[in-house]
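S.K.: Have a look; sequence and predicted model below, questions after that.
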Amino acid sequence: MPGRSSTSAGFISFSGIESALSSLRNFQSCISSGMDTVSSVALDLVETQTEVSSEYSMDKAMVEFARMERDLSHYVKAVQSTISHVKEERPEKIPDLKLLVERKFLALQDKNSDADFQNNEKFVQFKQQLRELRKQYAAIWMGLFPTFCSVLCTDGMHADRDATGSEGIDEDMIVTQSQTNFICPITQLEMKKPVKNKVCGHCYEEEAIVRMIESKHKRRKKACCPKIGCSHTDMKMSDLVPDEALRRAIECHSKKKKRLLPE
């Protein structure tokens, strides 16, 4: 019978456990939404040049969400592993499922380390987006006010690096606006909804790249990155992630240009 495992002592029903697992997976989606919200707030703080201490609180919140996601994922794996084991072994006596789950969960937890967060996709994207937004904004201001910003950035560079560590402004990003690429390699127009390729790091207008990939796959062909010189020759939809930092930078650049235009 579905959802049951037979033993000499009777039947073990897994329907209640499977229902609980479904609820846990829903909670996983809530954690994911929470991480998206934290990321958005952190980008807002960078965009409005709010004090760094506020941004760090967002960093800590993201770490807590990543930790919850890891622990919940381990618990779900422990339950699933326990159910599979009992169904395969069909023990003579009904086992203590709670104890078995706890043992498997603790075994997974024993392998925890801070390096786990480097494998959390949303956490990695969060760090990358913050770094990229700072670079984009520095380039925007350099493009609009090169003389003023050159002095400002040079004077403030060491202070910024001390405050943010490796996340600070690097010397090689004190560049002109021409080095900030807002143009989609497919449409040759300024992007409005950019997405980044996780494999090669190139960005495109979402609608254009999705249409290109779908067209290639319908003809059973591989989709190559349209950026000239890129070696990524087998693009998939799963390679694409929204580039919130670039979208914000493009909007900021457009607004600043409008303000500087004579009426």
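M.R.: On my side now, so go ahead.
S.K.: Compute the number of surrounding residues for Arg131.
M.R.: 19 (other Cβ atoms under 10 Å). Where C-beta positions appear, they are placed from N, C-alpha and C, glycine not excepted.
S.K.: and Gln179, what pLDDT?
M.R.: Looking at Gln179, its pLDDT stands at 41.
S.K.: same thing with the one 3 residues further on?
M.R.: Predicted confidence (pLDDT) for Phe182: 87.
S.K.: Check the spacing between it and Leu43 real quick.
M.R.: To Leu43, Phe182 is 17 Å away according to Cβ to Cβ, to the nearest Å.
S.K.: Could you do Arg220 as well?
M.R.: 39 Å.
S.K.: between the two, which one's more packed in?
M.R.: Leu43 (21 against 6).
S.K.: any idea of the mean pLDDT for the one helix or strand that one maps to?
M.R.: For Leu43, the element it lies in under DSSP states H and E is helix 15-47. Per-region confidence: helix 15-47 scores 84 on mean pLDDT.
S.K.: Quick one: name whatever helix or strand follows the lowest-mean-pLDDT helix or strand in the chain.
M.R.: Least confident helix or strand, the chain: helix 146-164 with a mean of 44, by mean pLDDT, DSSP states H and E. Later in the chain than helix 146-164, the nearest helix or strand by DSSP H and E is strand 194-197.
S.K.: And the contacts of whatever helix or strand comes next after that next one?
M.R.: Downstream of strand 194-197, the next assigned helix or strand under DSSP H and E is strand 203-205. Here strand 203-205 makes contact (Cβ atoms under 8 Å, 6 or more residues apart in numbering) with 181, 184-187, 189, 191-197, 226, 243, 246.
S.K.: Give the residue spans of this structure that score low on pLDDT.
M.R.: Scanning the chain with the threshold set as pLDDT under 70 gives 1-14, 51-56, 91-92, 139-180, 260-263.
S.K.: Centre of the chain to the lengthiest helix in it, how far?
M.R.: Taking DSSP state H as the criterion, the chain has its longest helix at helix 52-89. In this view, helix 52-89 has its centroid 16 Å away from the chain centroid, taken as Cα atoms, centre = their mean, to the nearest Å.
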